[in-house]
Structure formats: structure tokens, C-alpha cells
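Chemist: would you be able to build a 3D model of this:
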Amino acid sequence: MSKVVIVSILVVVGVAFVGCANTSANLQRETARYIGGTVTPEQVTVSNVDRGVTDVKWNASAPTGNYNCSADDMVRRVYCTKK
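Modeler: Predicted structure coming up:
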């Protein structure tokens with residue numbers, strides 16, 4: 001029974017850690033980095049965030065246009081396409 005409790009705690013901690021990795025501020029920053037140029041994170045608006053177990057998808061709006069973006073759960077490999 002104690003193994004089940006320990007595994008449950010580890011799963012909850014793991015999910016909490018992953019959820020913190022793809023906050024809106026991180027998505028803004030990484031979107032601005034991907035777009036490049038003179039776009040700053042403050043200029044990026046993030047919406048429709050869909051957080052999965054292994055990935056995250058979102059829409060972004062910036063002065064250069066609107067984008068569909070995705071990344072792994074830790075927001076390490078960001079990919080955005082202009083709408």
C-alpha cells in the first residue's frame with residue numbers, strides 16, 4: 001500500500017512541475033524568440049493554450065501577425081506557423 005502512495009505523490013509532483021514549465025509568460029517569451037526580429041515578449045499575446053501531457057499548443061498574436069504555435073511540454077522545441 002505504501003508503494004501506491006509514493007507513486008501517487010511522485011505523479012502529482014511531476015505533473016505540477018510540467019505545468020509550471022509552460023506558463024503564459026514562458027510561452028510569450030519563447031514565441032517572441034521564435035519570431036525574432038524586434039518582437040519582445042511583452043508584445044506577444046497568448047490565447048487558446050492547450051496543455052497536454054507531452055506537448056503544449058497555443059495561438060499567439062504579435063505585431064508581425066498571428067501564429068499557431070506548439071512545443072514539447074518543457075517548451076524547449078517551439079515551432080510557430082504564421083496564420
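
Chemist: so, low pLDDT: which residues of the protein?
Modeler: Along the chain, segments meeting pLDDT under 70 span 1, 3-20.

Chemist: tell me which stretches of this structure form strands.
Modeler: When assigned using DSSP state E, the strands of the chain occupy the ranges 45-51, 55-62, 65-72, 79-82.

Chemist: which one of those is the most hemmed in?
Modeler: Ranked by mean neighbour count, those are led by strand 55-62 with a mean of 19 (mean count of other CB atoms under 10 Å). No exception for glycine: its C-beta is placed from N, CA and C like everyone else's.

Chemist: and the angle for that strand with strand 65-72?
Modeler: 160 degrees (axes from the mean of the first three to the mean of the last three CA atoms, to 10 degrees).

Chemist: how far off centre is strand 55-62?
Modeler: Offset of strand 55-62 from its chain centre (CA atoms, centre = their mean, to the nearest Å): 7 Å.

Chemist: check stretch 48-66 too.
Modeler: 7 Å.

Chemist: please apply the same query to stretch 73-83.
Modeler: Here stretch 73-83 shows a centroid-to-chain-centroid distance of 8 Å under the convention CA atoms, centre = their mean.
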